[in-house]
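# Sequence first, then the predicted structure, then my questions.
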Amino acid sequence: MPGTQTPLGLFGTEDLIGEDDRAIRDTVRAFTADRIRPHLADWFDEASIPARELARELGDLGVLGMHLEGYGCAGTTATAYGLACMELEAADSGLRSLVSVQGSLAMFAIRRWGSEEQKQEWLPRMAAGEAIGCFGLTEPDFGSNPGDMRTYARRDGDDWVLNGTKMWITNGSVADVAVVWAQTEDKIRGFVVPTDSPGFSAPEITKKLSLRASVTSELVLDDVRLPASAMLPEARGLSGPLSCLNEARYGIVFGALGAARDCLETAIAYAQERDIFGKPLASYQATQLKLADMSLELGKGMLLALHLGRLKDAGTLTSEQVSTGKLNNVREAIAIARECRTILGANGISLEYPVLRHANNLESVLTYEGTSEVHQLVIGQTLTGQSAFR
Ligand SMILES: Cc1cc2nc3c(=O)[nH]c(=O)nc-3n(C[C@H](O)[C@H](O)[C@H](O)COP(=O)(O)OP(=O)(O)OC[C@H]3O[C@@H](n4cnc5c(N)ncnc54)[C@H](O)[C@@H]3O)c2cc1C
């Protein structure tokens with residue numbers, strides 16, 4: 001017998017979402033069902049994704065930089081953006097990463113910290129998916145501590161000359177423009193780097209076991225010469241890149257729940273179909289205890305995400321609150337994905353089902369945009385007033 005309620009239905013979260021936001025969410029869900037889901041197992045298996053083609057389609061869909069105002073961006077609510085991230089990640093965290101990096105990291109950096117010329121030049125094309133952006137902060141030796149980065153921009157007359165290496169950069173090899181953060185004589189500054197600049201290269205990172213349907217790259221800057229106008233004029237110091245990360249993390253608060261929801265729906269359907277010792281796996285108490293507990297965490301995470309969405313729309317969301325949501329929802333999502341995997345037994349390790357793909361993807365989500373430990377330290381510092389980072 002089919003169940004009468006979905007995990008999120010139990011919490012009645014649908015009633016907390018306005019009609020317009022729901023319509024946007026449903027459009028993204030339909031897009032992923034038709035255009036993305038049929039290909040995901042192959043993209044993940046082959047570790048390739050038609051990023052350029054997809055960027056244009058995502059641009060047509062209106063999700064690239066959708067919560068930004070002007071310059072061809074849709075200007076939706078933050079809640080609608082979160083819900084879109086949830087649907088994209090219910091398909092695959094790689095797809096959501098493409099959209100997050102484009103909108104919340106690269107486009108947000110230019111929108112928030114760029115000159116009028118930089119905004120005019122890049123944002124409309126990026127919103128349309130005609131130009132892809134990446135965001136280079138992490139280096140081989142500096143991840144959680146980007147303030148110690150070695151990439152350096154030195155002045156030469158009016159020009160800037162950049163040298164250094166960035167690592168683990170989403171969209172890197174397919175990007176038309178890289179927002180690169182570098183040390184200068186006057187603090188860390190951001191630079192808008194066209195990827196066809198002489199001295200710039202972006203070799204792809206291979207042999208990944210996670211986010212295989214996503215392009216991840218190294219960025220090599222070898223005497224890359226840029227005009228004075230390439231610097232983001234308004235960002236000085238680490239607060240510039242951290243403000244962008246905060247935007248992308250907010251999308252992850254919702255996104256990770258999408259992956260978890262997809263796992264849980266798959267596990268519930270599977271348990272009903274699978275007969276063990278002569279009756280459905282779903283009819284065993286041990287299975288139901290797992291499903292009930294996972295539904296609680298999914299629903300609580302969704303209430304938290306929607307609450308943070310409301311705060312962001314009201315303009316009062318703090319970075320500590322975003323850390324709270326990212327830490328909780330990614331940690332619970334990966335726990336749900338792993339538990340669902342057990343319900344599917346051996347089928348759980350196959351790409352015929354999405355569950356281990358999601359679990360593996362969430363390993364990256366747990367690490368990027370601030371690791372879980374870093375967010376614990378952020379919360380610890382907020383609670384005690386003591387920094388335990390160093
Ligand atoms: C698939 C993927 C895509 C990515 N995309 C991008 C991108 O587009 N742009 C970009 O700039 N970066 C990107 N990253 C990099 C990501 O942001 C970093 O991996 C992350 O910040 C962690 O840095 P790290 O890997 O160097 O780990 P480290 O910083 O070396 O951390 C190692 C361990 O130490 C822990 N740790 C760190 N500090 C402390 C402390 N003070 N106390 C206790 N424990 C601590 C960490 O939590 C972690 O468990 C991506 C990463 C992945 C995996």
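Great, that's in hand. All values derive from a computational prediction rather than experimental measurement. Numbering: from 1, shown residues only.

# Residue of the stretch 201-350 of the chain nearest the ligand, please.
Residue nearest to the ligand within the stretch 201-350 of the chain: Leu211 (4.3 Å; Cβ to the nearest ligand atom). In short, each C-beta sits where N, CA and C put it, glycine included.

# repeat for the stretch 51-200 of the chain
Closest contact between the stretch 51-200 of the chain and the ligand, by Cβ to the nearest ligand atom, is at Gly143 (1.9 Å).

# Do a quick rundown of the strands in the stretch 101-250 of the chain.
133-136, 152-156, 159-170, 177-184, 187-194, 200-201, 216-226 (DSSP state E, counting those that start in this stretch).

# ok so, going back, where does the residue of the stretch 201-350 of the chain closest to the ligand land on pLDDT?
Note for Leu211: predicted pLDDT of 98.

# Name the stretch among the strands of the stretch 101-250 of the chain that sits most buried.
Among the strands of the stretch 101-250 of the chain, the stretch with the highest mean neighbour count (mean count of other Cβ atoms under 10 Å) is strand 133-136, at a mean of 30.

# Identify the residues contacting that one?
The set of residues external to strand 133-136 that reach it, using Cβ atoms under 8 Å, 6 or more residues apart in numbering, is 101-102, 105-107, 109-110, 122, 126, 151, 166, 169-172, 175-181, 202, 217, 219, 241, 244.

# could you pick out which of these are near the ligand?
Filtering those for proximity to the ligand by Cβ under 6 Å from any ligand atom leaves 101, 169-170.

# Could you dump the residues you listed into CSV and include pLDDT?
Listed next are these as CSV, based on pLDDT from 0 to 100:
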residue, pLDDT
Val101, 98
Ile169, 98
Thr170, 98
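
# Name the residue closest to the centre of the chain, please.
For the chain, the residue nearest the mean C-alpha position is Ser97 (4.0 Å; Cα atoms, centre = their mean).

# Against Tyr250, how distant is that one?
14 Å (Cβ to Cβ, to the nearest Å).

# Over to the residue of the stretch 51-200 of the chain closest to the ligand: give its phi and psi.
When read as degrees, to the nearest 10, the backbone of Gly143 gives phi -110, psi -70.

# For it, list the residues it contacts.
For Gly143, the residues meeting the contact criterion (Cβ under 8 Å, 6+ apart) are Trp168.

# Please report how far the spatially most distant residue from the centre of the chain lies from Arg338.
The C-alpha centroid of the chain is most remote from Gly278, which lies 42.5 Å away (Cα atoms, centre = their mean). Counting by Cβ to Cβ, the separation of Gly278 from Arg338 is 28 Å.

# ok now do the residue nearest to the centre of the chain, which residues does it touch?
Per Cβ under 8 Å, 6+ apart, neighbours of Ser97: 170, 211, 214, 364.

# And what about the nearest residue to His67 once chain neighbours are set aside, helix, strand or coil?
Sequence neighbours aside, Tyr81 is the residue nearest to His67 in space, at 3.9 Å (criterion: Cβ to Cβ, 6 or more residues apart in numbering). Here Tyr81 is helix, with the state taken from DSSP: H, G, I helix; E, B strand; the rest coil.

# hmm, back to that, now distance to Met1 too, for the strands of the stretch 101-250 of the chain, in TSV please.
Below are the strands of the stretch 101-250 of the chain laid out as TSV (distance: least, Cβ to Cβ, whole Å):
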stretch	distance to Met1
strand 133-136	49
strand 152-156	65
strand 159-170	44
strand 177-184	53
strand 187-194	57
strand 200-201	58
strand 216-226	44
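
# nearest to Leu296, of the ones you listed?
Proximity to Leu296, assessed across the strands of the stretch 101-250 of the chain by Cβ to Cβ, is greatest for strand 159-170 (31.8 Å).

# Let me see the ranges of the helices in the stretch 201-350 of the chain.
For the stretch 201-350 of the chain, the helices defined by DSSP state H, counting those that start in this stretch occupy 239-273, 285-314, 319-343.

# Which strands and helices lie in contact with the shortest one?
Contacts defined by 3 or more Cβ pairs under 8 Å, 6 or more residues apart in numbering; DSSP states H and E place helix 319-343 against helix 239-273, helix 285-314, helix 355-367, helix 372-384.

# need these in a markdown table with distance to His67, mean neighbour count and mean pLDDT, can you?
Output for the helices and strands packed on helix 319-343, formatted as a markdown table (distance: least, Cβ to Cβ, whole Å; neighbours: other Cβ atoms under 10 Å; pLDDT from 0 to 100):
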| stretch | distance to His67 | mean neighbour count | mean pLDDT |
| --- | --- | --- | --- |
| helix 239-273 | 8 | 24 | 97 |
| helix 285-314 | 9 | 18 | 98 |
| helix 355-367 | 20 | 23 | 98 |
| helix 372-384 | 22 | 15 | 98 |
